[in-house]
Each structure stands twice: as C-alpha cells, then as structure tokens.
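Enquirer: What shape does this take:
(one chain, ligands or ions: 2)
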Amino acid sequence: MRIVVLAGGIGGARFLRGLMSAVPEADITVIGNTGDDIHLFGLKVCPDLDTVMYTLGGGIHEEQGWGRADESFAVKEELAAYGVGPEWFGLGDRDFATHIVRTQMMSAGYPLSAVTEALCARWQPGVRLLPMTDDRVETHVLIDDPDEGRKAVHFQEYWVRLRASVPAHAVVPVGADQAKPAPGVLEAIAEADVVLFPPSNPVVSIGTILAVPGVREAIADAGVPVVGLSPIVGDAPVRGMADKVLAAVGVESTAAAVAQHYGSGLLDGWLVDLVDAGAVDEVEAAGIRCKAVPLMMTDAEATARMAAEALALAEEVRA
Ligand code: GDP
Ligand code: CA
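Expert: Ligands and ions are numbered 1, 2, ... in the order given. Next up, the predicted model:
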C-alpha cells in the first residue's frame, strides 16, 4: 500500500511512528512543511523536516518532541557570549551539525530535496521524506507590535519568541504562490492509494503544504481516499497554540470546524476524539465521513491504533 502523509513537526512525526508500526510493509511518502524554515546564524534550519527525520530515525528528544536527544548547548552559549542572537530559538550542538551540513550542501547548489535525502541517508527514517518544495517559502504572521504597530513577523518569532501571546491578524505563506512542488511530490500523490492528514497544525503545517500550487489539486484529483485526524480535542489543541492561528483564518477551534475548513472537496474522512463524538453529525452533514475514536498519542500502541482507524475509514469511504 502506498500512503502519502502531509506532515508538520511533532504531531506529524508522532503519528508517522504509529502509522509505520500499524502497517510496517507500507510504502510511505511524507510531504513535509517547509514554511517554518528559518535562517539563523547563517544556517538554514528546517524544524519540521528535522522533527520528522529525528523522530523516525531515533534521534529525537522524546519528552520535548523536537531537537536532539542528549543535547548540549555550548555553541549557543558561546554565541550569546558574543552577544549574537536570537537567544529565543533553541539550537543545540548536535542539531547545529545538521544545519551546517544542510547549508553547506545548499551553498554547493544542491536543492533542499536532495539535501534532505542525504541527511536521511544517515537517519534512515523508513519513509521517503520530501520537502513540499525546493523553493523558499516563509510563513509570516501579521501582529500588532506595541512599538511598531501592525507588522509581519516570521512564524518562528510569533510561535517561539512571542509564544503566540498576541492576536494573529493573518498568516501568510510568503513565496508559496510562486513555489513549485519538490520533485516527487505530485508523482507520489498521483500514485498513492491513500492520503492522510495527521493531527498536524491545519493552518501553519498542512495549510502551508496545501498552499503550494498544484498540491491541493493533485490530492483532490487523485481519486483516492483522503482521511484526516483532528489536532483539536475538546475544543483545544492537544499541544501548542493552533487555536491562535485558526482564529487568524477565521476558523473556530473545534474538531468539526477544522474538518469543514479542509472541506468535502478535499477530505473524504475525518477522525475526531471520543470527547468530540457530538461533532460527528455536523461533519457528516458537511459531506465528510466521520468517526469518533481515541485520538491521544499517549504511547506507541495508542498511536498505532489511531493510524489503523484512519486506514479503516479510508477503506470505508473507498467502498
Ligand atoms: P509542529 O510543527 O511541531 O507544531 O507539529 P504539527 O503541526 O505536526 O502538529 C501540531 C499539532 O499536533 C497541534 O495542533 C496539536 O494539537 C497536535 N497534537 C499533538 N499531540 C497530539 C495528540 O496526541 N493527539 C492529537 N489528536 N493531536 C495532537
Ligand atoms: Ca512546525
């Protein structure tokens, strides 16, 4: 079975681990979000691609959900001693090596997709990890700055430095309209038996991938089941601040509203958590098959069951 998964960082990566354990023989292509990418200290950092790569490759800091295990921060401390920031973005020594290799290869002319493949040769994630595009896309968030008035900040500045503490007026994937899907992206979608949206952020993770021209159309036209899992449980994100960016695009933080945001033109099936069982009828009325199942990725078994439920729903809508 060929499965395509659109993934952000933590939510996508943890789900993928469950999916791989539910269907070990499946051929999985992950289309990763690169809208969170940022240049820091002259290095290109791809937080979501790395979270997927480290999680599936066994190098992730498990409790934190991002960054490397057994990490140290000597480089960051030395940079701070020079007064060189930003200090709000946590880059550890081991992680720095990844960004150095990536930047070096890109300076030599390799596209991000080739660099990602090279990095994965070390980590062996067990999936084919593709960036959504080789072109530069940067998610910006429009906020009201107390001193400078309304301005756009990089997504990471909004998310990590400001912790989404101020209202977001808009979320813009800058460059997305000019971007081309990375090599292999449209082909993987066209050849897929099923497309899954893990419980990743619907706006700044999956929304950004869908903003690359051609991707949404390819998924809608593939003629295969498209099934998603809600990142919103009990009217709040399970982790993080997705409610803030959902508000920016005028979507309520409910499992039903997120399903309708994707819409029946894209989504065939949607899983909500048991606590949101009351939302099933509303989602089905919107033309999307819906089922309530446990959606907390508390451990490997629970996550594998979620993946199995998603695949079962895909078979149901295929029939
Ligand atoms: P990020 O790029 O690291 O922010 O990660 P993603 O975009 O891939 O996923 C973030 C989303 O995962 C958040 O909106 C969370 O609500 C969701 N999430 C995290 N853990 C769980 C879980 O156990 N169950 C569900 N349903 N969603 C989760
Ligand atoms: Ca992310």
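
Enquirer: OK, contacts around the closest residue to ligand 2 within the stretch 201-319 of the chain?
Expert: Closest contact between the stretch 201-319 of the chain and ligand 2, by Cβ to the ion, is at Ser205 (5.3 Å). All C-beta spots, glycine's among them, are computed from the backbone N, C-alpha and C. Ser205 sits next to 6-9, 11-12, 33, 35-36, 48 when contact means Cβ atoms under 8 Å, 6 or more residues apart in numbering.

Enquirer: Out of those, give me the one that has the most neighbours.
Expert: In terms of neighbours by other Cβ atoms under 10 Å, those top out with Asn33 at 33 neighbours.

Enquirer: follow-up on the earlier one: so which two of the contacts of Ser205 are the farthest from each other?
Expert: Gly11 and Gly35 (14.9 Å; Cβ to Cβ).

Enquirer: name the helices or strands packed onto the longest strand along the chain?
Expert: What stands out as the longest strand in the chain, according to DSSP state E, is strand 138-145. In this structure, strand 138-145 packs against strand 149-154, helix 155-156, strand 170-174, helix 242-248, with contacts taken as 3 or more Cβ pairs under 8 Å, 6 or more residues apart in numbering; DSSP states H and E.

Enquirer: Tell me where the stretch 201-319 of the chain has helices.
Expert: Secondary structure of the stretch 201-319 of the chain (DSSP state H, counting those that start in this stretch): helices at 206-210, 215-221, 242-248, 255-262, 280-285, 300-318.

Enquirer: Of the ones you listed, which stretch is the most buried?
Expert: Looking across the helices of the stretch 201-319 of the chain with neighbours counted as mean count of other Cβ atoms under 10 Å, the highest average goes to helix 206-210: a mean of 26.

Enquirer: For that one, output the C-alpha coordinates as CSV.
Expert: Output of helix 206-210 as CSV, limited to C-alpha atoms (Å, rounded to 0.1, in the frame of the first residue of the first chain):
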residue,chain,number,x,y,z
ILE,A,206,-0.9,21.3,6.5
GLY,A,207,-2.3,24.6,5.3
THR,A,208,1.1,25.7,4.1
ILE,A,209,1.8,22.5,2.2
LEU,A,210,-1.6,22.9,0.5
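
Enquirer: Quick one: distance of that helix to the chain centre.
Expert: When distances are taken as Cα atoms, centre = their mean, to the nearest Å, helix 206-210 is centred 8 Å away from the chain's centroid.

Enquirer: tell me the mean pLDDT over it?
Expert: Helix 206-210 comes out with an average pLDDT of 98.

Enquirer: which residues are in contact with it?
Expert: Against helix 206-210 from outside (Cβ under 8 Å, 6+ apart): 6, 8, 31-35, 132, 137, 139, 171, 173, 176, 197, 200-201, 215-216, 219, 249, 266.

Enquirer: Ok, stretch 270-279 next?
Expert: Outside stretch 270-279, the residues that touch it by Cβ under 8 Å, 6+ apart are 227-230, 232-235, 254-256, 259, 262, 280, 283, 288-296, 306, 309-310, 313.
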